[in-house]
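J.: Give me a 3D structure for the following:
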Amino acid sequence: MNSEYEDDKPHASNASSKEGRGGDALPKLTAREKYVLFESIFNTLPIGIAVHDDQGRLVLANDTAANINGLAQTPSSDSNNAAMNDKKEQRTFDTSHRSLHVLDRQLRLSTLVDTTERKQFESELTRRAYFDELTGLANRALLQKKIEETLQSKEANGRFALAFFDLDNFKHINDFYNHAIGDALLVALARRISNCIRASDTLARISGDEFVLIVDPADDDQKIRAFINGILDHLKRPFYIEDHEIFTSASIGVSIYPDHGTSYETLRRNADSAMYQAKHSSKGNAAIYDPGMGRDIANRMELEQRLRVAIRDRHFRCAFQPKVDIQSQQVIGLEALIRWCDDAGVISPPGDFIGLAVELGLIDAITHLVLAESIKAMDKIDDAFGRDVTISINIAAKQACEIEFMNPFVQSLKDTGRPERFILEVTEDAFVAAGQFQTRIMPILRDAGVRVSIDDFGTGYSSLSVLADIAVDEVKIDRSFITAIHQRPRNQSILKAIESLGHALGITVIAEGVETFEELAFLQAATRIRYVQGYYFAKPFFIENERQSASAGVELRPAESSRTAPNVRTRSSSRASRW
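T.: Numbering: from 1, shown residues only. Below is the predicted model:
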């Protein structure tokens, strides 16, 4: 350092600095001390600083620059803010350069800042903003950005397709196994779809079990259909997750630019419409959008609004279908089945609206309506069939596992003073899913005296072992096993196995959907099944009006007479919708 730095004539800026706190005078530094202080600060700066001459030779560098490979050797670029990667330590630096003219020499001053942590933070923010946390796929925001870019590139010509994927029955998989298995399935499914697509295509996950695929280019409709069907076939193969073999499928809706829209919102809406069409027509299928689907969506929206109004205004009635003892011809019970009666007098069976009610979260309200109607009908049921006839009410598996729903529901049964007359019919999913039904709900029902029936047995996930593991009062064999039973040897064997196990465990066995004399004759001759339900004996009827009941093929008997099955038997091929 030159001694000229020691200036006996203090600068204005230094005058005030000569006094410290409390008026203490600061010590005056010698040129040597100033040099040492400067060198110490220069070498401990976190920023790398180096000076090179006009030949690229190093003139001066601090310790930070000397420790960074490359900077202290030669200036790397003429442009400022150039990025420099230290591959050895995987760190990132930003460099800048400026020219200096000092002591008649042309010099280059270079500075370098370690931006590794900032870059990593920015990269993490970008990942979270644009990529799905679970699968690593593009998320909704990146998908929309990618589609907007694709739309701009296709303005002159070219076509691409937007395919919406929705996993079928994913909620059942979550309930049957657990959410960790469900997440692992989504990851495996994303990986499998990714292996089917091209480098030019883009796959994104936009919500729980919904994926979107940009198929680009997509010049031929037949090739698009074949491509999507190929993905569907791959998804139908089993997934092996934590020692579980899981089968699933997806429903896919496709819209094509520019045929079905020239904006992201239009293409999204039309692909979504096509996906719902595929799901409702046949799960595990694909559909390409056509204008008629838009009308279907409009009709569905109208139905949704009408259903909400009907629930609000209580435009529902309960029909009742008998359970019959085929030995004594007596009615032993009635199953309550909901009917929607609109202002025009049209009566809709539950198959027309229950699925939508479940989807919209309205099923609880409908189930409470069934309960209220059943309780209101108890006096007329007593007058017609006697006070010993049971009343069965259907409960969805999801409802049966929810303590918040079941507690007030059971209390309403207890409030009748005759809770033992009621049987709750639940599907076998409630027993095998990872829910609370067996551990928390069953004790509540037992304490109240309410009985439990497994409805549609044989159609769900369970096996005969379920009957041995749970304490139910009744099992209803699904009508798919009863239809033409006299002509189906395999079904006969299954039926007899269920009957034998039920008899050994003291469980009442009921055959659902008996519609023909031949089916009834087989049950009487070849099995010990004593109780049946079906159109052969009676259609569901409205008990509050005896004329309506008679028109439904049911002859109501006074209370003092024996509980007798209806005299008129209907050989209709139609089947009563459940609920």
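
J.: Show me the shaky parts of the stretch 451-579 of the chain.
T.: The model of the stretch 451-579 of the chain has pLDDT under 70 over residues 459-466, 544-579.

J.: Which residue ranges of it form helices?
T.: Ranges of helices in the stretch 451-579 of the chain, per DSSP state H, counting those that start in this stretch, are 465-469, 479-482, 489-505, 517-526, 546-551.

J.: Rebuild those as a markdown table, extending it with mean neighbour count and distance to Met293.
T.: In this view, the C-beta of every residue, glycine as well, is placed from N, C-alpha and C. Below are the helices of the stretch 451-579 of the chain laid out as a markdown table (neighbours: other C-beta atoms under 10 Å; distance: least, C-beta to C-beta, whole Å):
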| stretch | mean neighbour count | distance to Met293 |
| --- | --- | --- |
| helix 465-469 | 14 | 40 |
| helix 479-482 | 20 | 30 |
| helix 489-505 | 15 | 38 |
| helix 517-526 | 16 | 40 |
| helix 546-551 | 14 | 39 |
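
J.: Let's have those in TSV, adding distance to Ala184.
T.: As requested, these are exported to TSV (distance: least, C-beta to C-beta, whole Å):
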stretch	distance to Ala184
helix 465-469	25
helix 479-482	32
helix 489-505	33
helix 517-526	44
helix 546-551	53
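
J.: Phe385 is nearest to which of these?
T.: Each of those has some distance to Phe385 by C-beta to C-beta; the shortest is helix 546-551, at 11.3 Å.

J.: And the pLDDT at Met84?
T.: On pLDDT, Met84 comes in at 49.

J.: Also Met1?
T.: 41.

J.: hang on, the earlier thing: of the helices of the stretch 451-579 of the chain, which is nearest Leu162?
T.: helix 479-482 (37.8 Å).

J.: Any idea how far the closest one is from the middle of the chain?
T.: Relative to its parent chain, helix 479-482 has a centroid offset of 31 Å by C-alpha atoms, centre = their mean, to the nearest Å.

J.: Make 26 the first number, not 1, from now on.
T.: Okay, residue one is now 26; in that scheme the one you just asked about reads as helix 504-507.

J.: which residues are contacting it?
T.: Helix 504-507 is contacted from outside by Gly483, Thr484, Asn516, Ile519, Leu520, Ala536, Glu537, Gly538, Val539, Glu544, Gly559, Arg600, using C-beta atoms under 8 Å, 6 or more residues apart in numbering.

J.: Now for these: which two are most distant?
T.: Ile519 and Arg600 (19.6 Å).

J.: nearest residue to Ile469 other than its sequence neighbours?
T.: With sequence-adjacent residues excluded and distances taken as C-beta to C-beta, 6 or more residues apart in numbering, Ile469 is closest to Val435, at 5.6 Å.

J.: was I right about that neighbour contacting Arg471?
T.: No. Shown here, Val435 and Arg471 do not form a contact pair, counting by C-beta atoms under 8 Å, at 10.5 Å.

J.: circling back: backbone dihedrals for the residue nearest to Ile469, both of them.
T.: Main-chain dihedrals, Val435, degrees, to the nearest 10: phi -70, psi -40.

J.: about what we covered before: for the contacts of helix 504-507, give me CSV that also has distance to Arg116.
T.: As requested, those are exported to CSV (distance: C-beta to C-beta, whole Å):
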residue, distance to Arg116
Gly483, 64
Thr484, 61
Asn516, 71
Ile519, 68
Leu520, 72
Ala536, 75
Glu537, 71
Gly538, 72
Val539, 78
Glu544, 79
Gly559, 77
Arg600, 71
